[in-house]
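# Prediction below, plus the sequence it came from.
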Amino acid sequence: MAASRAQPSTPFASREFNGEVLLEDLDDVRGVGPRQLHEAAAALRELEGLPVTQAAQRLTTLASSRFADAPSLAALLGRWARKLRADADVSALRGHLERLAVLAALVGVVRSAGAVRR
């Protein structure tokens, strides 16, 4: 029974979680900088180890308070908070946000390089 608790729930265990879903989330947070995305991932690190219901509540609170200045990020965090079902989901979501931050930084660099070449 303990092994099932270590596995993320369906939305977080999906093959596309860090594929197509990552790209969709990147599109949803267009305009949010990598720094804010890293801050969101760091906030999730603080929630690891909490019971999943408490982690979901705290993530919802963080979304509406700490990340209120970035409405698209707050909405993304709130959406994912509602999907948290297993303890492993919090760390899976943290990793997802870390990859989202790296991807946002790379896209920013590529866009900047394209603008310089013009």
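It's in. Numbers count the residues shown, from 1 in each chain.
# alpha carbons only for contacts and neighbour counts from here, please
Fine.
# give the contact list for the closest residue to Gly49 other than its chain neighbours.
In space, and not counting its chain neighbours, Gly49 is closest to Asp87: 7.3 Å by CA to CA, 6 or more residues apart in numbering. Residues near Asp87 by CA atoms under 8 Å, 6 or more residues apart in numbering: 5-6, 8, 48-52.
# Okay, helices next: where are they in this structure?
Secondary structure of the chain by DSSP state H: the helices cover 2-6, 10-13, 20-28, 34-47, 52-64, 71-81, 87-117.
# Emit the ChimeraX select command for whichever of the contacts of Asp87 are buried.
Remark: buried members of the contacts of Asp87, expressed as a ChimeraX selection using 16 or more other CA atoms under 10 Å:
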select :8,48,52
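# Which two among the contacts of Asp87 are spaced furthest apart?
The distance between the two most remote of the contacts of Asp87 (CA to CA) is 14.7 Å, for Pro8 and Leu50.
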